Structure formats: C-alpha cells, structure tokens
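*Asks:* Below is the sequence, then the predicted model.
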Amino acid sequence: MKKSLIALSTMLMLSGITSAQKVAFEEYDLDNGMHVILHNDPSAPVVITSVMYHVGSKDENPERTGFAHFFEHLLFEGTKNIGRGEWFKIVTANGGTNNANTSEDRTYYFEVFPSNSLEVGLWMESERLMHPVINQIGVNTQNEVVKEEKRLRVDNQPYGNLIAQVKKNMFTVHPYRWAPIGSMEHLDAATLEEFQAFNKKFYSPNNSVLVVAGQIDIAQTKAWIQKYFGPIPRGEKITKKTFVEQPITTTIRATYEDPNIQKPMVVEAYRTPSMKTREARVLDMISTLLSEGKSSRLYKKIVDDKKMALQIGAFNYSQEDYGQYIIYGLPQGDFTAEDLVKEIDEEIVKLQTELISENDYQKLQNIYENNYVNSNSTVEGVAENLASFYLLYGDVNLINTENAMYRSITREEIREVAKKYLNPNQRLILDYVPAKDKAQN
C-alpha cells in the first residue's frame, strides 16, 4: 500500500510538471510564405531570434556535397548592410550570443539577446535572408574554415568517420549516403555561381520558419517582423525529391580503417523509419533501455559483469526520411568483435521475445518525463523545438503532445518494434578498425 501511495504521488508530481511545462505559442504566415511562431516567456529578460531553413545535406547535388553545411558558415560573412567581419561584433556589442548548425534535413541560425535588443536580432536575420553577400573572398575564407573543422572533428578525431561510414554502407540511392560535412574536393571544385544559385534556391522565406521566443511584446514583435521580413520576396517553389531505398534483406559486411585509433570498434546498424513515426519513438526507448546509464542492459552485462568491452552504446539516429539504429562496442582483452555481436544479439532477442519488466517500463517513463521537462527548460530549447516540430514534423503542438506519445507506448510495442526492425538480415556489421600501419606499431 505504501509503495502504491508513493507511486501515485510520483505520478501526480510528474503530471503537475508536465502541465506546468505546457508551451503556449502563436503562429501565422507572412504574405511571402514565411511561417512565424511566437512564444512569450516573461520569466527572464532574454529573447531568441531564430530561423530554420528546410535545407540540409540531403538537398545537395551528389557532385557538390557539403553545400548546406558550408552555408552555415558562409551566411555569417556579411550582408549589404552588415560589413564583412561585423556580424559577431554587432551581436557582442548588444550583449548577445549566436550560433548555427546543420543536419541532413535542415539548417538553423539563432541569436540570444537581452530582450531590449529584439529588434536588432530580427533585423540581422532579415539581412541574412534578404541581402547576403556571396562573393569569392567569402567563399575562399569559409572554405579554409570548413576544411579545418573537418580536420579537427572528423579526419583527426578518433572514430570521427563512424556516422559517415554507416551512411555510406546503408544507403545506395538516398542522399543520406553522405555526411553533412561533405567532400572538400566538391567544395574546391564549386564555382561562385553554384554557391549563389544554391542560396537563391533554398534560403527563401517560403522555405523557412522564424521563431521568436522569450520576453516579448507580441504586438510590437509582429510589427517588427512585418517591417523587416515582410518586404522579402517569395522564393521559387521547392519540390523535394523522394528517394526510396530497397529493404535490406541480408547482412551487409564492411570494414573501415581509421588511422586515429588503436582499439577496434564493432558497429551494428539497422535502417529505421522516419523520425515522424511512432515507431521512431519506440526505438528511442529501446536504445535507452539497452545502453543509457550503468544499469542499462548492454552496459551491465557486457562492460560491468563480463568485462568484454571498454564501452558499449546504442542510439537512434533519427532523420526526416529514414533513420539508423546504431549499436557499437569496443572489445577489450581477448574478446573479439564477434563475441560482442553475439552478446548484443542475445539482448535484442530478449526484447523481441519477452516483455520488459514493469520496473524497467516505469524507469523508461520517468526518463522520458525528465527529458521532456529538460528539453523545454530554456528559451533556446523551446525555440529550436518549435522550429523543428513545424518544419520537420508538420505539427508545432508536438512540443506539448509528444511526451504523451512516449507515455502511451506499451511494453508490447517495444517487443514488436524490436522484432520488426532489429533483425540480423536487416543490418550492417561494420568493423571499424585501426589502420594497418597503426595496428603494427
């Protein structure tokens, strides 16, 4: 009885948190097709101005990969009214910070300012959209910046090519087959006109969403948005191509040699459905069950109890069209990649044939309640969630309802989704090993 009362009080507490975290927002369209989402949060005197463009590495020419990520850098070069090198000075002078990031599916720019600098942020993002300066000096400068980033984060980073190698081997026709960083040779070969054409096609009001969140006056914000974004002309209509991958029906075997590592890694990767699906959320929960924390199934068994691996992990790499479910491990001692695969597969078979315990199920529920609260705990998190749920999922209110979707996932669904997607004949086994000359040292 005491345990039941404790469980009931916990549920009521979490319910109260969920209710308190409900995000209020207003959305509308400008005449040029730009979608606008406003969220007023008076709790702190800060504001975020952000624009998410529906362009990522999947929208690139296969002979010109890396363009979307390149533009993440290039569009800080300057505009007609913001001189080259002045962007960051203006942000800093107004007490703000800014950043940007790119994925396979979208590119996101944002500034965080004291709330009294909202107009500055709106003006800057409108300048980036209306008056970007795309010239050769900017292209040359950012080409070197991107090359250095690739050297630092990919080429010279241990296991830095893991995702790229999974993609390369799992996709044959879809543009997900290359990583967002792209090819430096493609960027070197590109002409200024190609960069300008890419900008004209994808960086338009009707291919973007503007989110303003924080301590704002709604009426004043709308007036400024109309002033700065309203005059920007609509861009060309963009028709997204559909790429359909044939199902994987037999195990794909691949090897990649990394000169930056001394310990081999074994990777199991499965192609999974779009991030928009309920099944993608179920796979999120499966990865949490398998590898989140030292009490998770894979860590407890393979790392802690049997001492077979230095590290083990599983994650659902969700994307707009397809995802990849990735499990990796670093064998230690005399244990081999095959040994780890055998142990991992045993745990997957358990998921496919047995219902998880009520205790494990409740732990999952608690973890996802906590994730929900944390994801909306800052104005930056709220702004990016609002943009993503509109642009990639087509439903802004998922910011308030997605958590209920996770809560409604059943133990039976976990078993059935594992059975549907995590089978040996549906996967890639990647041996990610030290380069031969490295291994001999």
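*Replies:* Looks like it came in fine. Because the structure is predicted, anything quoted here is derived from the model rather than measured.
*Asks:* L391 reaches N207, doesn't it?
*Replies:* No: with contact defined as Cβ atoms under 8 Å, L391 does not count as touching N207 (9.2 Å). Backbone N, C-alpha and C define where each C-beta goes, glycine included.
*Asks:* any shared contact partners between those two?
*Replies:* H54 (Cβ atoms under 8 Å, 6 or more residues apart in numbering).
*Asks:* Now stretch 306-314: buried residues?
*Replies:* For stretch 306-314, the neighbour count (16 or more other Cβ atoms under 10 Å) marks 308-309, 312-314 as buried.
*Asks:* Switch these over to CSV; also include secondary structure, distance to G333 and pLDDT.
*Replies:* Converted to CSV, the buried residues of stretch 306-314 look like this (DSSP: H, G, I helix; E, B strand; the rest coil; distance: Cβ to Cβ, whole Å; pLDDT from 0 to 100):
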residue, secondary structure, distance to G333, pLDDT
M308, coil, 8, 97
A309, strand, 9, 96
I312, strand, 14, 95
G313, strand, 19, 93
A314, strand, 22, 93
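*Asks:* Closest to M275 out of those?
*Replies:* Among those, A314 lies closest to M275 (Cβ to Cβ), at 16.8 Å.
*Asks:* Provide the partner residues of that closest one in its beta bridges.
*Replies:* I327 (DSSP bridges).
*Asks:* just how off-centre is the helix or strand hosting M52 within its chain?
*Replies:* Assigned by DSSP states H and E, M52 belongs to strand 46-53. Taking the mean of its C-alpha atoms, strand 46-53 sits 17 Å from the chain's own mean (Cα atoms, centre = their mean, to the nearest Å).
*Asks:* Tell me where the model's unsure across the chain.
*Replies:* 1-21, 438-441 (pLDDT under 70).
*Asks:* 80 instead, please
*Replies:* Counting by pLDDT under 80, the chain has low-confidence residues at 1-21, 437-441.
*Asks:* nearest residue to the spatially most central residue of it other than its sequence neighbours?
*Replies:* Taking Cα atoms, centre = their mean, the centroid of the chain lies closest to S103, which sits 6.1 Å from it. Nearest non-adjacent residue to S103, counting by Cβ to Cβ, 6 or more residues apart in numbering: G56, 5.2 Å away.
*Asks:* go on, S287?
*Replies:* Sequence neighbours aside, A314 is the residue nearest to S287 in space, at 4.4 Å (criterion: Cβ to Cβ, 6+ apart).
*Asks:* same check, this time on K58
*Replies:* P175 (4.0 Å).
*Asks:* picking that back up, and the residue nearest to the centre of the chain, what are its phi and psi?
*Replies:* Backbone torsions for S103, taken as degrees, to the nearest 10, come to phi -130, psi -170.
*Asks:* Tell me which residues touch it, please.
*Replies:* Counting by Cβ under 8 Å, 6+ apart, S103 has contacts 56-57, 180, 319.
*Asks:* Reformat those residues as a markdown table; add neighbour count and secondary structure.
*Replies:* Output for those, formatted as a markdown table (neighbours: other Cβ atoms under 10 Å; DSSP: H, G, I helix; E, B strand; the rest coil):
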| residue | neighbour count | secondary structure |
| --- | --- | --- |
| G56 | 24 | coil |
| S57 | 24 | helix |
| P180 | 24 | coil |
| Q319 | 20 | coil |
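*Asks:* and of those, the nearest to E194?
*Replies:* S57 (15.6 Å).
*Asks:* Which residues are in contact with that closest one?
*Replies:* Counting by Cβ under 8 Å, 6+ apart, S57 makes contact with 65-69, 102-104, 175, 178-180, 182.
*Asks:* Buried ones in stretch 169-188, by neighbour count?
*Replies:* By neighbour count on 16+ other Cβ under 10 Å, the buried set for stretch 169-188 is 169-171, 174-184, 186-187.
*Asks:* tell me how far the ends of that stretch are from each other?
*Replies:* The first and last residues of stretch 169-188 sit 25 Å apart, counting by Cα to Cα, to the nearest Å.
*Asks:* and if you look at stretch 112-121?
*Replies:* 8 Å.
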